[in-house]
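K.L.:
I'd like to go over a predicted model; first the sequence, then the structure.
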Amino acid sequence: MIYFDHAASSYPKPKSVAEAMSEAILSYSANPGRGGHKLAEQARLAVEEARKKVAQLFSAPSSKHVWFYQNATMAINQALLGFPFKKGDHVITTMFEHNSVIRPLKQLIEEKGIEVSFIEPDENGLINAKNVIEAINDQTVLLAITHASNVTGAIFPIRTLQHWQKRKGLSCL
């Protein structure tokens with residue numbers, strides 16, 4: 001079987017993931033931080049350890065900056081709708097973004113008065129970093145750009161954009 005929809009459900013799971021999930025379910029399936037009993041404490045410690053590892057992997061300042069969500073859509077919605085936008089703030093995104101990016105941005109256009117630039121792909125179906133960089137202005141506060149399209153498989157110039165994002169002091173999603 002060749003499975004192309006990894007973004008939606010990440011199948012097949014690596015064996016180590018299945019084993020870790022099985023261990024958690026069978027050994028200490030409890031709500032972390034919701035009780036003082038042994039299983040809840042084991043679950044809390046497992047979550048804290050996972051946060052530390054993720055923070056280290058992504059060079060986060062601390063594990064307190066790592067939050068786990070039910071899925072990517074919920075996480076992206078929370079990040080966008082929780083961002084401290086002001087009227088006139090500018091966001092740059094692409095025509096390749098998932099609805100979990102596009103819908104909250106459209107809501108924020110209406111509710112907060114932000115402006116959004118949607119970068120179009122070139123004739124090869126790619127996002128040109130030059131077009132993104134040219135769209136940056138004094139009101140730009142956020143780049144919300146996927147690394148790779150799960151529709152076309154195109155990989156976008158994230159490293160180049162990361163350089164500009166840091167140089168301009170922009171947030172990145």
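P.N.:
Happy to help now that I have it. Numbers count the residues shown, from 1 in each chain.
K.L.:
Any figure for the gap between Thr94 and Phe118?
P.N.:
Thr94 sits 7 Å away from Phe118, taking CB to CB, to the nearest Å as the criterion. All C-beta spots, glycine's among them, are computed from the backbone N, C-alpha and C.
K.L.:
buried stuff in the top helix by length along the chain?
P.N.:
In the chain, with assignment by DSSP state H, the single longest helix is helix 38-57. Going by neighbour count (16 or more other CB atoms under 10 Å), the buried part of helix 38-57 is 40, 42-44, 46-47, 51, 55.
K.L.:
Neighbour count for Thr94 and Phe118, which is higher?
P.N.:
The neighbour count for Thr94 versus Phe118, taken as other CB atoms under 10 Å, is higher for Thr94 (22 against 14).
K.L.:
Would you mind listing the residues in contact with that one?
P.N.:
Residues near Thr94 by CB atoms under 8 Å, 6 or more residues apart in numbering: 118-121, 127, 145-146, 156.
K.L.:
go on, Ala75?
P.N.:
Ala75 touches 67, 69, counting by CB under 8 Å, 6+ apart.
K.L.:
between the contacts of Thr94, which is nearest Tyr11?
P.N.:
Nearest to Tyr11 among those: Thr146, at 20.0 Å, using CB to CB.
K.L.:
What about that closest one, how many residues nearby?
P.N.:
By other CB under 10 Å, 20 other residues sit near Thr146.
K.L.:
and it, that one's in a helix?
P.N.:
No - the assignment for Thr146, made by DSSP: H, G, I helix; E, B strand; the rest coil, is coil rather than a helix.
K.L.:
follow-up on the earlier one: out of the contacts of Thr94, list just those in helices.
P.N.:
Among the contacts of Thr94, no member falls in helices (DSSP H).
K.L.:
Please tell me how far the closest residue to Gly33 other than its chain neighbours sits from Met21.
P.N.:
Among residues not flanking Gly33 along the chain, Arg44 sits closest, at 5.1 Å (CB to CB, 6 or more residues apart in numbering). According to CB to CB, Arg44 and Met21 sit 17 Å apart.
K.L.:
now swap in Ser149 and tell me
P.N.:
Noted for Ser149: a distance of 29 Å to Met21, by CB to CB.
K.L.:
pLDDT below threshold where in this protein?
P.N.:
Scanning the chain for pLDDT under 70 picks out the ranges 1-10, 172-173.
K.L.:
Can you spell out the domain ranges of this structure, please?
P.N.:
Taking automatic domain parsing as the criterion, the chain consists of the domains 6-65, 72-172.
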